[in-house]
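Visitor: requesting a structural model of the entry that follows:
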Amino acid sequence: MASESLLHRIRRDLPVIGYCLIVGLAATSFGFDQGLTGGFFSMKQYNKDLGYYDKAKGVYAMTAESQTMMMGIEIGSVLVAAVISGYIGSKWGRKVGLVIGNLIGILGVGIQMISHFAAAVVGRALMGVSIAFAAQFCIPYWSEAAPVYLRGFIVVFYQFFINLPTFIGSCVDQGTYKLDNPLAYRIPLVVAMAAPAALLCLIWIVPESPRWLITHGRIEEAKVSMSKIRGRHASVDDVDQEVREIIAYVELEKALESSTSYAECFKGTELCRTLIASVIAAGGQLMGVGFIGAYSTYFFDVIGFSNAFLVTVIVSLCSVAGVLVAFMIVNYVGRRPIMITGSGVLTFCMLAFAVVAQATPARNKAAAKFIIFCICCYSFTYSASWGSVGSVMMGEVPSNRLRSKTLAIAMSASWVSALTVITAIPYLLSAQYANLGTKVGFIFGSIGVCIFIVSWIIIPETKGRSLEQLDEMFMNRIPTREFKSYVCTGLVAGYDVNTFGDEKRAVMGESTHVEKV
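Guide: Next comes the predicted model:
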């Protein structure tokens, strides 16, 4: 019966699932960027058109400086765009940001088809803007639109929409890298344009986030939007009830803290939310996911694997498998244990492959296979934990009125970490500089130990809670490790939420009820 009930609820909520899948097409820009770029750096024609001829080795290559510039400028643009997108998301809404981001992304991909290093740099800078906008507007929209029981499942799609294109991009690279003309990298770039173009055609049928509309006082529009999202099976009373609950908490937040500036994200209970979101966003980067995602093919070449492209495809496939597991466990195991266990496994993988690689002779086949296994395990675990569930939590932790700005700060923390990692990797791997090879695992493994400890201290359990219930727990300063057992009472910072809604009835023409979970 429980299974039938769940299936019935899913059928009832097919509209919101459809809208969220359309919005999720924006995230594919990040996935294709990761899948294609790692292959481009080991692609003969790409290095010939944009790099230099290495007389000593008799091959075309790109210098560490060139790789750093391309990756660094892209991440720098992501960082700047993350801050700007927070303002756009707060003022103009999620849909406007999605349209702008995808238009810029298509332009960035098109410019990269020009066979010139400067064009590649400009194109990647524009892609950085698109990537930032995708994270900034996909995750909040999904968190705000999805019903509680589907929120975890739906937001996991963010990582799915990254990993599947990464896998597809790696496969396309595998099929074109032997071409001896610019089509070797132009064909993959054309493939990367498909999803953003589809989103621009379909976004017009997607309703704006009801919570964003309510925050801006557009109550009637919010009711219409909520009605579309919940579908024809939702009654007018159900829609009004959910809208009234959101109104009450929005008004309560305004009464307690009237400002919505970036500075407000670092005050009172908002500081705790910002810290948690930032640790979740930056933690994966600091544990080495950027290294695995962007430089795996380059890394395998440097340490001597014979078919680096094929190994990269396998690693990407493991990432997709990890997301599929996340779909199954996110609503059953809980967010907190998944994140803590994930950080432990990621740390073990990094340290294990570094130890084995250093303890065995160079070109040892058994050691090479073990290193591939560790990286595959890392990719699988990251996608099943920090990549997927981390995205869910980043959408859940911020308050309604500061969600765009808190997420912008968190994503900025992520990309500052990524910028540090990505710009350092070519120098750490290159024979001209540190030439660390697999010793890089010791660096990320050591950081992973710290992330594991911090995760155990600050990451809360958010499974099965409405966004308004999470507001209550944060505003009541409940310790994060006690979130799972806390019983919500409707009493927030000395206010009775229901009474507060009654007091606002004359102004809003509404009363307050509890959201249906």
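Visitor: quick one: the nearest residue in space to S388 that is not next to it in sequence and F157, what's the gap?
Guide: Beyond its immediate neighbours in the sequence, the residue positioned closest to S388 (Cβ to Cβ, 6 or more residues apart in numbering) is A326, lying 3.6 Å away. All C-beta spots, glycine's among them, are computed from the backbone N, C-alpha and C. The gap separating A326 from F157 is 10 Å, by Cβ to Cβ, to the nearest Å.
Visitor: quick one, helices of the stretch 401-517 of the chain?
Guide: Assigned by DSSP state H, counting those that start in this stretch, the helices in the stretch 401-517 of the chain fall at 403-429, 440-458, 467-475, 497-503, 505-508.
Visitor: just name the most buried of these.
Guide: For these, ranked by mean neighbour count under the definition mean count of other Cβ atoms under 10 Å, the leader is helix 403-429 at a mean of 24.
Visitor: what's the angle from that one to helix 467-475?
Guide: An angle of 80 degrees separates the directions of helix 403-429 and helix 467-475 when computed by axes from the mean of the first three to the mean of the last three Cα atoms, to 10 degrees.
Visitor: quick one: average confidence on helix 403-429?
Guide: Along helix 403-429, the predicted confidence averages to a pLDDT of 83.
Visitor: stretch 367-377 now?
Guide: With pLDDT averaged residue by residue, stretch 367-377 scores 81.
Visitor: on contacts alone, who are the packing partners of the helix or strand where V320 lies?
Guide: With elements delineated by DSSP states H and E, V320 resides in helix 308-329, which encompasses its position. Helix 308-329 sits against helix 28-40, helix 157-176, helix 289-303, helix 365-384, helix 388-396, with contacts defined as 3 or more Cβ pairs under 8 Å, 6 or more residues apart in numbering; DSSP states H and E.
Visitor: how about the ones you listed in JSON lines, adding distance to L407 and mean neighbour count?
Guide: Formatted as JSON lines, the helices and strands packed on helix 308-329 follow (distance: least, Cβ to Cβ, whole Å; neighbours: other Cβ atoms under 10 Å):
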{"stretch": "helix 28-40", "distance to L407": "15", "mean neighbour count": "28"}
{"stretch": "helix 157-176", "distance to L407": "12", "mean neighbour count": "24"}
{"stretch": "helix 289-303", "distance to L407": "19", "mean neighbour count": "23"}
{"stretch": "helix 365-384", "distance to L407": "20", "mean neighbour count": "21"}
{"stretch": "helix 388-396", "distance to L407": "6", "mean neighbour count": "27"}
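Visitor: can you tell me which of these the model trusts least?
Guide: Out of the helices and strands packed on helix 308-329, the stretch the model trusts least by mean pLDDT is helix 289-303, with a mean of 65.
Visitor: between the helices of the stretch 401-517 of the chain, which one is nearest to K48?
Guide: Among these, the nearest to K48 by Cβ to Cβ is helix 403-429 (19.0 Å).
Visitor: what's the domain layout of the protein?
Guide: Structural domains of the chain, as assigned by automatic domain parsing, span the residue ranges 2-206+257-470, 209-256+488-517.
Visitor: going by neighbour count, list what's buried in stretch 116-133.
Guide: Residues of stretch 116-133 classed as buried by neighbour count (16 or more other Cβ atoms under 10 Å): 117, 120-133.
Visitor: so of those, which ones are in helices?
Guide: Among the buried residues of stretch 116-133, the ones falling in helices (DSSP state H) are 117, 120-133.
Visitor: could I get the full set of strands for the stretch 201-350 of the chain?
Guide: In order along the chain, the stretch 201-350 of the chain carries no strands (DSSP state E, counting those that start in this stretch).
Visitor: give me phi/psi at the nearest residue to L419 once chain neighbours are set aside?
Guide: Spatially, and ignoring its direct neighbours in sequence, L419 is nearest to I75 (4.2 Å; Cβ to Cβ, 6+ apart). For I75, the backbone dihedrals are phi -70, psi -40 (criterion: degrees, to the nearest 10).
Visitor: doesn't M127 make contact with I75?
Guide: No. The pair I75 and M127 fails to qualify as a contact (Cβ atoms under 8 Å) at a distance of 10.5 Å.
Visitor: which ones are touching T166?
Guide: With contacts taken as Cβ atoms under 8 Å, 6 or more residues apart in numbering, T166 has the following neighbours: 31-32, 34-35, 293, 316, 319.
Visitor: same check on V355?
Guide: Contact partners of V355, counting by Cβ under 8 Å, 6+ apart, are G441.
Visitor: and it, that's in a strand?
Guide: No. Secondary structure of V355 (DSSP: H, G, I helix; E, B strand; the rest coil): helix, not part of a strand.
Visitor: distance of it from G342?
Guide: V355 sits at a distance of 20 Å from G342 (criterion: Cβ to Cβ).
Visitor: if I pick Y185, what's in contact with it?
Guide: So Y185 contacts 36, 40, 43, 45-46, 112, 176 (Cβ under 8 Å, 6+ apart).
Visitor: just give me the neighbour total for E482.
Guide: If you count neighbours by other Cβ atoms under 10 Å, E482 ends up with 11.
Visitor: right, I mislabeled it, should have said D180
Guide: D180 - counted by other Cβ under 10 Å - has 9 other residues nearby.
Visitor: start at 394, not 1
Guide: Understood, numbering begins at 394; the last thing we discussed is D573.
Visitor: now it, what's its secondary structure?
Guide: For D573, the reduced secondary structure class is coil; criterion used: three-state DSSP.
Visitor: any chance you could read off phi and psi for it?
Guide: Backbone dihedrals for D573, given as degrees, to the nearest 10, come out at phi -100, psi 30.
Visitor: please name the nearest non-neighbouring residue to it.
Guide: Spatial nearest neighbour of D573, excluding adjacent residues (Cβ to Cβ, 6+ apart): Q438 at 6.1 Å.
Visitor: quick check: the one you found vs Y453, distance?
Guide: Q438 sits 8 Å away from Y453 when distances are taken as Cβ to Cβ.
Visitor: can you check G469 too?
Guide: Counting by Cβ to Cβ, the gap from G469 to Y453 is 27 Å.
Visitor: low-confidence regions, this structure specifically.
Guide: For the chain, the stretches with pLDDT under 70 are 394-397, 399, 431, 649-652, 686-702, 754-757, 824, 886-910.
Visitor: the domains of the chain: which one's closest to R874?
Guide: Go through the domains of the chain one by one with Cβ to Cβ and the one that ends up closest to R874 is domain 395-599+650-863, at 7.4 Å.
Visitor: list the buried residues of stretch 411-420.
Guide: Residues 412-420 are the ones in stretch 411-420 that count as buried (16+ other Cβ under 10 Å).
Visitor: now swap in stretch 720-735 and tell me
Guide: For stretch 720-735, the buried set under the neighbour-count rule, 16+ other Cβ under 10 Å, comprises 720, 722-724, 727-735.
Visitor: now, these that are in helices?
Guide: Using DSSP H, the buried residues of stretch 720-735 in helices are 720, 722, 728-735.
Visitor: okay, the residues you listed in TSV with distance to F741 next?
Guide: As requested, these are exported to TSV (distance: Cβ to Cβ, whole Å):
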residue	distance to F741
F720	24
I722	19
R728	21
R729	19
P730	16
I731	16
M732	15
I733	13
T734	11
G735	11
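Visitor: picking up where we left off before, widest-spaced pair of the contacts of T559?
Guide: Pairwise distances across the contacts of T559 peak at 13.6 Å for F425 and S712 (criterion: Cβ to Cβ).
Visitor: in what helix or strand does Y453 lie?
Guide: Here Y453 sits within strand 452-454, counting by DSSP H and E.
Visitor: direction included, what does that strand pair against?
Guide: Based on DSSP bridges, the pairing partners of strand 452-454 within the sheet are strand 445-447 (antiparallel).
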